[in-house]
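Student: This is a predicted model, with the sequence first.
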Amino acid sequence: MRAWHQHLAEEFARAAGPAVYVTHRANIMELSGRNIGAGDMVVVEIDAEGGARPVAD
């Protein structure tokens, strides 16, 4: 997960616009702090440290 946060922080630093990532439920839950169901998605805003904040419920 540390490498994932680092990657997101690097992308944040050079972002030219939105990005879409598709990954496993466990990764989404770890990154966003949300308990989601299979097949669900979460829209997040990434910060400079590679953290994610969900933007909508």
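Tutor: Structure received. Keep in mind that this is a model prediction, so the values were computed, not measured.

Student: Just the buried positions in stretch 5-18, please.
Tutor: By neighbour count with 16 or more other Cβ atoms under 10 Å, stretch 5-18 contains the buried residues 5, 8, 12. Placement of C-beta: from N, CA and C, glycine included.

Student: wait, stretch 29-45
Tutor: Going by neighbour count (16+ other Cβ under 10 Å), the buried part of stretch 29-45 is 31, 32, 42, 44.

Student: what are the ranges of the strands in the chain?
Tutor: 44-46, 52-54 (DSSP state E).

Student: would CSV of those with mean pLDDT and distance to residue 19 be doable?
Tutor: Shown next, in CSV, are these (pLDDT from 0 to 100; distance: least, Cβ to Cβ, whole Å):
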stretch, mean pLDDT, distance to residue 19
strand 44-46, 86, 8
strand 52-54, 86, 12
